[in-house]
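Trainee: what's the 3D shape of this:
(one chain, ligands or ions: 1)
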Amino acid sequence: MKKNILIGVCAGIASYKTCELVRLLVNDGFSVKVLMTESATKFVSPLVFQTLSTNMVYLDMFAPAKEEGIKHIELTEWADICVVAPLTANTLSKIANGICDNLLTTVICALPATKKIIFAPAMNTNMWNNLIIQDNVAKLKNLKRYIFLNPGRGLLACGDYGEGRMPEPEEIYNKIKTSLK
Ligand SMILES: Cc1cc2nc3c(=O)[nH]c(=O)nc-3n(C[C@H](O)[C@H](O)[C@H](O)COP(=O)(O)O)c2cc1C
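Mentor: Sure thing, here's the model as predicted:
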C-alpha cells in the first residue's frame, strides 16, 4: 500500500521546487498532505499545493475543526514520513530549541520517534554558515533523529554563489523512497 507523506513548507524561495516534489510523489501514487508556515504562503499560494496534492493544505493550529477536520496530533498519526522542504534557518532553529509556536513546529515535535523526518534546509550562504545556525544544525544532527539532506553549492536566488541551495526535487523524492524501505 502506498504511504502517506507529510510535507512541511517554510518561507524560503526554494518552496517553488517543493511543488514539483509534490507532483512527483502524487504521480507515483503516494498520498501527500502539505503543511505550510504562515510566512511560506507569501511565496507559494496554498491553492497550488492543494491542487497538486489533491488535499487541503494545513496552516493554522487553531483553525475551527469544521475548516480543518484533523488536529495536529492526527496529522502525526496520518503521516508515515515527514519531510520539511525547504527548511528555513528560522524553523530549523526553532526545532533545535524545542519551540512549538506554529502547526509545523508542533507537528515535528509531536511526531513519534518511529516516524522518519527528512530535513532539506535551504538558505543564503551567509545564513547557512552563520555559527548559530551551524550550531543548531550540529545539535539536530547529534540527536540522530533527523535525516539531513544538506544544501548544495551553486548560484542562489539572491545572486550569491555558495552553499545553501535546496536539493533538487528528484533527490528529495529518492530520499523519501529509500527512507520508507
Ligand atoms: C525573498 C525572500 C527569500 C527568502 N529566502 C529564504 C531562504 O531561502 N531560507 C531562509 O532560511 N530564509 C529565507 N527568507 C527569510 C524567511 O522568509 C524568514 O526568516 C521567515 O521568518 C521564515 O519563516 P518560517 O520559518 O516560519 O517559514 C527569505 C525571505 C525573503 C523575503
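Trainee: sec struct for Glu170, please.
Mentor: Assigned by DSSP: H, G, I helix; E, B strand; the rest coil, the conformation of Glu170 is helix.
Trainee: The nearest residue to it once chain neighbours are set aside is in what secondary structure piece?
Mentor: What sits nearest to Glu170 in space, not counting adjacent residues and going by Cβ to Cβ, 6 or more residues apart in numbering, is Leu24, at 7.1 Å. All C-beta spots, glycine's among them, are computed from the backbone N, C-alpha and C. Element membership for Leu24, per DSSP states H and E: helix 15-27.
Trainee: List the buried residues of that helix.
Mentor: Ser15, Lys17, Thr18, Cys19, Leu21, Val22, Leu24, Leu25, Val26 (16 or more other Cβ atoms under 10 Å).
Trainee: and the gap between the residue nearest to Glu170 and Asn102?
Mentor: 26 Å (Cβ to Cβ, to the nearest Å).
Trainee: With Lys115 instead?
Mentor: For Lys115, the distance to Asn102 - Cβ to Cβ - is 19 Å.
Trainee: the more surrounded of these two?
Mentor: Shown here are Lys115 and Asn102; by other Cβ atoms under 10 Å, Asn102 has more neighbours (20 against 13).
Trainee: Count the residues that sit near the closest residue to that one other than its chain neighbours.
Mentor: In space, and not counting its chain neighbours, Asn102 is closest to Thr37: 5.9 Å by Cβ to Cβ, 6+ apart. By the measure other Cβ under 10 Å, the count of residues near Thr37 is 24.
Trainee: Quick check: the gap between Thr37 and the ligand.
Mentor: As judged by Cβ to the nearest ligand atom, to the nearest Å, Thr37 and the ligand stand 3 Å apart.
Trainee: I'd guessed that residue sits against Asp101; true?
Mentor: No. Using Cβ atoms under 8 Å, Thr37 is not in contact with Asp101, being 10.0 Å away.
Trainee: Give me the residues contacting stretch 120-138.
Mentor: 12-14, 83-89, 92-93, 96-97, 148-151, 156, 158, 160-167, 172 (Cβ atoms under 8 Å, 6 or more residues apart in numbering).
Trainee: That stretch and the ligand, any residue contact?
Mentor: Yes. Stretch 120-138 is in contact with the ligand by Cβ under 6 Å from any ligand atom, via Ala122, Met123, Met127.
Trainee: Is Pro112 in a helix, a strand, or coil?
Mentor: coil.
Trainee: Next, the contact list for the nearest residue to it once chain neighbours are set aside, please.
Mentor: Spatial nearest neighbour of Pro112, chain neighbours left out: Thr76 (6.8 Å); criterion: Cβ to Cβ, 6+ apart. Contact analysis of Thr76 by Cβ under 8 Å, 6+ apart lists Val107, Ala110, Leu111, Pro112, Lys115.
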